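# what follows is a predicted protein model with its sequence.
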Amino acid sequence: MIRVGILGREPLERAGVRRVLEDDGRIRIVDEASETASPMVRTTRLDVLVSSHRDADEALEVLRLANTAAPTAADAPRPTPVHVVLVDHLSEHATRTLLSHGARGILLRGNSVRHLPWAVRAAAAGTIALAPVAARFLVDQYVRPGRTAEAVATARTLLGQLSSREREIVHLLADGASNPAMAEMLGISAHTVKDHIRAVYSKLGVDNRVQASRIVWQAQVLPTQPTSTQARGPSAYEGKGAPTVTP
């Protein structure tokens, strides 16, 4: 029996998820909560946590909290639950980011009823369950290698126009960091962060964070740890252009 917890803001949606999963005789709902900071992960023995979100940024925050709340060696022996997230919309970058932060199932809220039972079973069995649109983002890298290689080259050329500090900024943008968070991490003022962001947008030819993040994802470059102005090395991104490991 697969032990499942449900996390979602809307009671009606949680009830719908519960009903769909309880129709599967191999799944048992053991707990549910409405708050992202719920102690459910720490206090309840779960195999799978299903959480519903308006967007990928909210889902990413819950993944981070869930990882923080994972049992320690001092806790009673119990497995860390795998995570299936439901979101309204997906992009290539969002799919990659959610997977890299531990999601083992990614579904769209609009058609999750159709896919949720098998996604929970697959995640519990140790595989990855993706909505068709999320799977397409990843499969396209293999069935259309020429197109992918061209997109990578174009994106890396664009990022090559940025200064080392601007590259730090754009990678933090892609990670979803806020302006105050970037200022604190880099040891600069929030006003300076805004100036860097404007410069990044201008050089990349984009208008917002989503477009800038897409270029970072397409480039498949792996940044080093951001440096503050007090301890800044000669280059914040040694090994420019090194590919990341894709899911």
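Cool, got the structure. Numbers count the residues shown, from 1 in each chain.

# per-residue pLDDT, the most centrally placed residue in the chain?
Centroid-nearest residue in the chain: Leu98, 2.5 Å away (criterion: Cα atoms, centre = their mean). Looking at Leu98, its pLDDT stands at 88.

# pLDDT at Met182, what is it?
On the pLDDT scale, Met182 gets 91.

# and if you look at the one 3 residues further on?
Model confidence at Met185, expressed as pLDDT, equals 90.

# what packs against the helix or strand encompassing it?
When elements are assigned from DSSP states H and E, Met185 belongs to helix 179-186. Judged by 3 or more Cβ pairs under 8 Å, 6 or more residues apart in numbering; DSSP states H and E, the packing partners of helix 179-186 are helix 164-174, helix 190-204. C-beta: built from backbone N, CA, C; applies to glycine.

# between it and helix 164-174, how many degrees?
For helix 179-186 against helix 164-174, the angle by axes from the mean of the first three to the mean of the last three Cα atoms, to 10 degrees is 130 degrees.

# about what we covered before: tell me which element the residue nearest to the centre of the chain falls in.
Going by DSSP H and E, Leu98 is part of helix 92-100.

# using CSV, write down the CA coordinates of that helix.
What follows is helix 92-100, C-alpha atoms only, in CSV (Å, rounded to 0.1, in the frame of the first residue of the first chain):
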residue,chain,number,x,y,z
GLU,A,92,11.1,23.8,-20.4
HIS,A,93,12.9,25.8,-17.7
ALA,A,94,10.3,25.1,-15.0
THR,A,95,10.3,21.3,-15.8
ARG,A,96,14.1,21.2,-15.6
THR,A,97,14.2,23.2,-12.3
LEU,A,98,11.5,21.1,-10.6
LEU,A,99,13.2,17.9,-11.6
SER,A,100,16.6,19.1,-10.4
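
# so which bits of it are buried?
Residues of helix 92-100 classed as buried: 92-99 (neighbour count, 16 or more other Cβ atoms under 10 Å).

# just to check, Ala212 is in contact with Tyr201?
Yes: counting by Cβ atoms under 8 Å, Ala212 does reach Tyr201; the two are 6.7 Å apart.

# these two: which has the busier surroundings?
Set Ala212 next to Tyr201 and count neighbours by other Cβ atoms under 10 Å: Ala212 wins out with 25 against 17.

# distance between the ends of stretch 101-120?
18 Å (Cα to Cα, to the nearest Å).

# list the buried residues of it.
101-109, 112, 115-117, 119-120.
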